[in-house]
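1. coordinates only, sequence not included:
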């Protein structure tokens with residue numbers, strides 16, 4: 001979280017309020033009463049200074065608000081309707097969001113944002129927009145309590161440098177054709193979910209819940225090796241990436257409006273292993289590609305054949321899923337910043353180069369201490385799938401909807 005649908009909803013909001021306005025004021029020090037109040041966040045804005053931001057952003061006009069995958073950027077020019085001179089990139093990480101004063105904050109399953117006061121808590125960057133004629137002002141704030149988001153500056157063409165130049169096709173803006181998707185999938189031994197999460201492989205913008213929903217709707221186990229999928233399975237995965245992203249964007253990322261048959265409505269139980277009953281059948285939880293994964297063995301099947309004869313180029317070592325990260329204690333969820341170890345804080349402050357092509361929780365696993373993984377359960381999914389080959393009887397509905 002946030003994934004492509006949530007970022008697209010943010011893009012639409014920014015476009016509605018900021019297009020053809022002038023950035024009259026920029027405040028780059030933290031506001032809202034958090035533990036870093038008054039400080040410049042040199043992790044989120046690594047490599048920048050308040051002066052850099054003021055020079056590149058303040059006084060310029062918003063020409064466009066664009067998105068690719070989970071990356072969002074604002075094109076800025078010296079005159080209204082003029083040529084782009086610079087771009088302000090916003091990456092939301094795990095808990096980032098842009099809040100507009102007077103409008104409802106984005107709603108996420110895993111966290112909420114308090115807009116009862118302004119600026120909101122954990123505001124890292126505030127922009128004040130106007131029409132250049134002394135008209136009504138619009139106040140915007142970038143907030144991020146867990147600090148995995150990024151604010152970057154780029155030139156007139158942001159695709160000449162990371163992270164945009166490393167991204168794969170966007171499922172909404174420029175979807176990868178099925179034939180090319182089939183070739184890329186057939187060259188990888190990695191699990192389907194692991195490849196979907198890699199922002200540089202086949203699609204960008206797919207995160208944890210979208211990947212699980214795609215695999216569920218395509219009736220494919222998330223752990224199925226890509227090169228062992230049948231043509232039909234590969235086509236189903238491709239179609240569902242496009243369909244899930246399109247439907248979620250059409251709903252403006254409002255989960256209340258998602259199709260009722262989606263696993264999304266049942267999966268939010270804070271489980272990382274085991275299983276539970278649901279109206280869809282018994283949902284199982286395991287780790288695939290280093291991420292907590294929900295799947296329904298009664299519906300989702302193992303790979304059923306090679307999709308084509310393209311040569312394999314990935315080694316088994318490269319395809320090996322990442323080690324699972326240590327689960328965060330519930331006590332940390334309320335305010336992750338307050339409990340960060342001093343050593344970790346020093347390390348993150350010194351880090352300038354950031355790889356944003358991987359999924360955000362992969363970044364969390366790289367930057368936070370992790371516990372040694374527990375021994376793997378050999379062939380667990382395969383055994384569960386065989387044991388539950390027959391449809392299960394629903395024992396009752398459990399609502400996982402939380403606001």
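-> Alright, I've got the coordinates. Since this is a predicted model, take the numbers as computed values, not measurements. Residues are numbered from 1 along each chain as shown.
2. Tell me the buried residues in stretch 111-126?
-> For stretch 111-126, burial by neighbour count (16 or more other C-beta atoms under 10 Å) applies to 111, 113, 115, 119, 120, 121, 122, 123, 124, 125, 126. Any C-beta I mention is one placed from the backbone N, CA and C, and that applies to glycine too.
3. so what's residue 65 up against?
-> Counting by C-beta atoms under 8 Å, 6 or more residues apart in numbering, residue 65 touches 11, 14, 15, 18, 19, 72, 73, 74, 75.
4. helix or strand right after the helix or strand hosting it?
-> Using DSSP states H and E, residue 65 falls within strand 61-68. With elements assigned by DSSP H and E, the helix or strand that comes after strand 61-68 is strand 71-77.
5. so the nearest residue to residue 66 once chain neighbours are set aside bridges to which residues?
-> Counting by C-beta to C-beta, 6 or more residues apart in numbering, residue 66 lies nearest to residue 73, which is 5.7 Å off, once chain neighbours are set aside. Note on residue 73: beta-bridge partners by DSSP bridges are residue 66, residue 89.
6. And residue 73, how far from residue 204?
-> Applying C-beta to C-beta, to the nearest Å, the value for residue 73 to residue 204 is 14 Å.
7. Residue 215 reaches residue 193, doesn't it?
-> Yes. Contact criterion C-beta atoms under 8 Å: residue 215 and residue 193 qualify, at 6.2 Å.
8. Show me whatever sits in contact with both of the two.
-> Common neighbours of residue 215 and residue 193 (C-beta under 8 Å, 6+ apart) are residue 222.
9. Might you calculate how far the helix ranked longest in the chain sits from the centre of the chain?
-> As assigned by DSSP state H, the longest helix anywhere in the chain is helix 231-250. In terms of C-alpha atoms, centre = their mean, to the nearest Å, the centre of helix 231-250 is found 17 Å from the chain centre.
10. Counting by contacts, list what that helix packs against.
-> For helix 231-250, the packing partners by 3 or more C-beta pairs under 8 Å, 6 or more residues apart in numbering; DSSP states H and E come out as helix 4-18, helix 178-186, helix 192-197, helix 208-218.
11. Show the average pLDDT along that helix.
-> Within the predicted structure, the mean pLDDT of helix 231-250 is 98.
12. who touches residue 11 in this structure?
-> 65, 66, 67, 72 are the contacts of residue 11 under C-beta under 8 Å, 6+ apart.
13. that older thread, pairing partners for the helix or strand following the longest helix of the chain, with directions?
-> Moving toward the C-terminus from helix 231-250, the next helix or strand (DSSP H and E) is strand 274-276. Next to strand 274-276 in the sheet, as set by DSSP bridges, lie strand 283-288 (antiparallel).
14. what's the angle from the partner strand to helix 208-218?
-> 120 degrees (axes from the mean of the first three to the mean of the last three C-alpha atoms, to 10 degrees).
15. Show me how far strand 283-288 is from its chain's centre.
-> Distance, centroid of strand 283-288 to centroid of chain: 19 Å (C-alpha atoms, centre = their mean).
16. give me every residue that touches the closest residue to residue 212 other than its chain neighbours.
-> In space, and not counting its chain neighbours, residue 212 is closest to residue 294: 5.1 Å by C-beta to C-beta, 6+ apart. Listed by C-beta under 8 Å, 6+ apart, the contact partners of residue 294 are 212, 216, 263, 267, 283, 284, 285.
17. between those residues, which is closest to residue 165?
-> residue 212 (28.3 Å; C-beta to C-beta).
18. domain ranges for the protein?
-> For the chain, automatic domain parsing gives the domain ranges 4-166, 178-323+376-387.
19. Which one of the ones you listed has the poorest average confidence?
-> domain 178-323+376-387 (a mean of 87).
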